[in-house]
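1. let me see the structure of the following:
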Amino acid sequence: MTSIFSRKRDLAYLVFFLIHIPVMFCVDLAPLYPDSIRPTFITELRKFYITTFRDQFFIAPPAWFDMYIWMEFLYHVPLSLWAIGALLRDDPKVPIHLLVYSVQTALTTATCIAEYLSWSGYSNSEKVELGKLYIPYLALAVLMGLDMFLRLNKTIGNSSSAPLQKKQQ
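-> Below you'll find the predicted structure:
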């Protein structure tokens, strides 16, 4: 097993997932908490976010955004928890799981970006501020997806050429 510290991209993904998990539970998934058990700091954090960014997804989300919240809860949470251990132990299943994750994340994030760019009543500078949150997330998903695709392509390419080499000998 190669150390995580020598696998720089995997180390970056590990750091991302370590940050992503608390963000999901403290911001993104807050609507799923029953009011009776939602911690006050989560409510205050969301209020701060809404006041600062006027993000309509957190003020008056479209119906499809609620589906994205559930996907985050049902898919991102378990995948993120798994990914931490898998990245640390250099699990060979990382590329396939993170490819699926990155495609889903890129698609949902791109949808959100397209939507907020269409919002009326927002200045360009407000949209730029939202972009500072959403675009890096999209960029990471796209880069992760390309990385995982290339890893899988290399693995599949190596394994599919092995039988040919044996036949030629």
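2. residues contacting the residue nearest the centre of the chain?
-> Here the mean C-alpha position of the chain is nearest to the C-alpha of T105 (CA atoms, centre = their mean), at a distance of 4.9 Å. Contacts of T105 were listed using CB atoms under 8 Å, 6 or more residues apart in numbering, and they are 76, 137, 141. Quick note: C-beta positions are derived from backbone N, CA and C, even for glycine.
3. can you name the element that comes right after the host helix or strand of it?
-> Using DSSP states H and E, T105 falls within helix 94-117. Per DSSP H and E, the first helix or strand lying C-terminal to helix 94-117 is helix 124-168.
4. what angle do that following helix and helix 94-117 make?
-> Inter-element angle recorded for helix 124-168 and helix 94-117: 150 degrees (by axes from the mean of the first three to the mean of the last three CA atoms, to 10 degrees).
5. ok so, going back, in the helix holding T105, which residues are buried?
-> By neighbour count, and taking 16 or more other CB atoms under 10 Å as the criterion, the buried residues in helix 94-117 are 94-95, 98-99, 101-106, 108-109, 112-113, 115-116.
6. do stretch 151-159 as well
-> Neighbour-count burial for stretch 151-159 flags R151 (criterion: 16+ other CB under 10 Å).
7. tell me the mean pLDDT for it?
-> Per-residue pLDDT values over stretch 151-159 give a mean of 90.
8. shaky segments in this protein?
-> Applying pLDDT under 70 to the chain flags the ranges 160-169.
9. at 50 instead, please
-> For the chain, applying pLDDT under 50 flags no range at all.
10. re earlier: could I get the contacts of T105 in JSON lines, plus columns for distance to A83?
-> As requested, these are arranged in JSON lines below (distance: CB to CB, whole Å):
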{"residue": "H76", "distance to A83": "10"}
{"residue": "Y137", "distance to A83": "16"}
{"residue": "A141", "distance to A83": "13"}
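11. quick one, which of the residues you listed are buried?
-> Burial by neighbour count, 16+ other CB under 10 Å: within the contacts of T105 this picks out 76, 137, 141.
12. so which of these is the closest to S3?
-> Distance from S3 was checked for each of the buried ones among the contacts of T105 by CB to CB. The minimum falls on A141, at 25.3 Å.
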